[in-house]
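Novice: fold the following, please.
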Amino acid sequence: MSALHLTGPVLVDDETVMPEAWVLDGRITFEKPRHSGDVTTLGGVVVPGLVDVHCHVGLDSGGATDRDLAIKQATLDRDRGTLLIRDAGSPLDTSFVHDHDELPRLIRSARFIARPKRYLRYFAREIEPQDLTAVAVDEARKGDGWIKLIGDWIDREVGDLVPLWSAEQLADAVAAVHAEGARATVHTFAEEAIDPLLAAGIDCIEHGTGMTERHMRIAAERGIPVVPTLLQVDNFLGYADAGESKFPEYAARMRRMHERRFEQVRMFHEAGVPLLVGTDAGGTLGHGLLPQEAVAMVEAGVPAADVVAAASWRARAFLGADTLTEGASADLVVYRTDPREDIRALMTPEVVVLRGERVA
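Specialist: Okay, the predicted model is just below:
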């Protein structure tokens, strides 16, 4: 029988740091094994497997990928230390990933829900507003406890971002999703979309570039996380340039949100809004970018220790997944230096262990 000896520190959660741990039969233990089998010692800072809470496996710029490409995407994420993904919408049924022990654990949101011509072509399940509740329930039953709504998008007749759903439609849909035992997250850029979403009881907010200080206070009080996706927001200038000639109001808004992107994230942190880390990989961004997203959040003014926590044990707690507690699956990453002191340490994992096996 072989085992791994982790000589720590082993970061478990905000309150718990253990000096050492072992991996035995694929699981974490803090009790030294009594057997006399082979033991491999790994030294370094041990972090629970990173969590990308906004990632799209099975999606590229043209829509759904095939299974082989989806596996490559997930493998890229894994090799950079991401061992749990909340898939924030995919046009591909990625439930097959559950059968691949060499791939990150996956929590699926099934397919995006949007209105016709009010989101990226081939990405979403496009429906009329009166069908929102029924479709939300259907997608909740297909996924792994989450659905993904598109909250606002450019309305070409108006020439700017506009909410897709009424307050009543959102309230009915979110209540029905909750009755199914699932939760709802939402893509939102625009300020106008936030009040109805908060009133409806939304569980998580993606991007959140339009949130005001008042919205932040409410989110903080209710413990509603925001996933800033700074790598995606960095693309707003390109979106503005592309829309400038036809939609100048939209272009101006996108530029304003880009200009204040770091200030916005800093305000989230200072207001006490729970922050999680997501890359928005798939579509226009590649996979394996979680370390870069973490670096961007630190550059915005969030302390490195909080970003590490947000990218690992805090995200796991929010999603109901194990961290490195006694008997939990050994999903972990070992770093030579402490990412809580230098976030760039996340860029160079020494060892990645998934389900107790060294995978990278």
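Novice: so which residues of the stretch 1-150 of the chain form helices?
Specialist: Using DSSP state H, counting those that start in this stretch, the helices of the stretch 1-150 of the chain run over 67-79, 132-142.
Novice: can I get these in a markdown table including mean pLDDT, mean neighbour count and distance to Gly8?
Specialist: Where you see a C-beta, it was placed from the backbone N, CA and C, and this is true even at glycine. Putting these into a markdown table (pLDDT from 0 to 100; neighbours: other CB atoms under 10 Å; distance: least, CB to CB, whole Å) gives the following:
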| stretch | mean pLDDT | mean neighbour count | distance to Gly8 |
| --- | --- | --- | --- |
| helix 67-79 | 98 | 19 | 23 |
| helix 132-142 | 98 | 19 | 40 |
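Novice: got the ones you listed as a markdown table, with distance to Phe318 columns?
Specialist: As requested, the helices of the stretch 1-150 of the chain are exported to a markdown table (distance: least, CB to CB, whole Å):
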| stretch | distance to Phe318 |
| --- | --- |
| helix 67-79 | 18 |
| helix 132-142 | 18 |
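Novice: sheet partners, orientation included, of the helix-or-strand element of the chain with minimal mean pLDDT?
Specialist: In the chain, no helix or strand scores lower on mean pLDDT, DSSP states H and E than strand 39-42, which sits at a mean of 92. According to DSSP bridges, strand 39-42 has the following sheet partners: strand 3-6 (parallel).
Novice: and whichever strand or helix holds Met257, what does it pack against?
Specialist: Assessed by DSSP states H and E, Met257 sits inside helix 248-259. Secondary-structure packing of helix 248-259 (3 or more CB pairs under 8 Å, 6 or more residues apart in numbering; DSSP states H and E): strand 160-163, helix 236-243.
Novice: return the set of buried residues in that helix.
Specialist: Buried residues in helix 248-259, counting neighbours by 16 or more other CB atoms under 10 Å, are found at 250-251, 253-255, 257-258.
Novice: contacting residues around it?
Specialist: The contact list for helix 248-259 (CB atoms under 8 Å, 6 or more residues apart in numbering) reads 154, 159-161, 189-190, 209-210, 233-234, 236-237, 239-241, 243-244, 264.
Novice: cutoff 7 Å now
Specialist: For helix 248-259, contacts defined as CB atoms under 7 Å, 6 or more residues apart in numbering pick out 154, 159-161, 189, 209, 233, 236-237, 239-240, 243-244.
Novice: could you single out the nearest of those to Lys142?
Specialist: Phe189 (26.0 Å; CB to CB).
Novice: phi and psi next, for that closest one.
Specialist: For Phe189, the backbone dihedrals (degrees, to the nearest 10) come out as phi -100, psi -30.
Novice: for it, which residues are in contact?
Specialist: 152, 161, 207, 209-210, 257.
Novice: buried subset of those as a ChimeraX selection?
Specialist: Restricted to buried positions by 16+ other CB under 10 Å, the ChimeraX selection for the contacts of Phe189 reads:
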select :152,161,207,209,210,257
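Novice: tell me which of the contacts of Phe189 is nearest to Ala321?
Specialist: Looking across the contacts of Phe189 and measuring by CB to CB, the closest to Ala321 is His207, at 22.9 Å.
Novice: show me what contacts the closest one?
Specialist: Contact analysis of His207 by CB under 7 Å, 6+ apart lists 187-189, 229, 232-233.
Novice: residues contacting Ala310?
Specialist: Ala310 touches 275-277, counting by CB under 7 Å, 6+ apart.
Novice: chain center to the least confident helix or strand of the chain: distance?
Specialist: Remark: strand 39-42 is offset 32 Å from the chain centroid, using CA atoms, centre = their mean, to the nearest Å.
Novice: try stretch 39-47
Specialist: With CA atoms, centre = their mean, you get 26 Å for stretch 39-47.
Novice: swap in stretch 122-131?
Specialist: Using CA atoms, centre = their mean, the offset of stretch 122-131 from its chain centre is 23 Å.
Novice: let's number from 19 now, not from 1
Specialist: In the new numbering, first residue 19, that becomes stretch 140-149.
Novice: list of residues touching it?
Specialist: 77, 80-81, 109, 129-134, 153, 168, 183-184, 187.
Novice: and stretch 341-358, by the same measure?
Specialist: Contacts for stretch 341-358 (CB under 7 Å, 6+ apart): 28, 30-31, 39, 41, 44-48, 60, 62-68, 99, 101, 322-323, 326, 331, 334, 340, 363-364, 367-374.
Novice: mark which of those residues are buried, thanks.
Specialist: 28, 30-31, 39, 41, 46-48, 60, 62-68, 99, 101, 322-323, 326, 331, 334, 340, 363-364, 367-374.
Novice: the buried residues of helix 266-277 into a markdown table, with extra columns for distance to Leu124 and pLDDT?
Specialist: Putting the buried residues of helix 266-277 into a markdown table (distance: CB to CB, whole Å; pLDDT from 0 to 100) gives the following:
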| residue | distance to Leu124 | pLDDT |
| --- | --- | --- |
| Tyr268 | 34 | 98 |
| Ala269 | 36 | 98 |
| Arg271 | 34 | 98 |
| Met272 | 31 | 98 |
| Arg273 | 35 | 98 |
| Met275 | 30 | 98 |
| His276 | 31 | 98 |
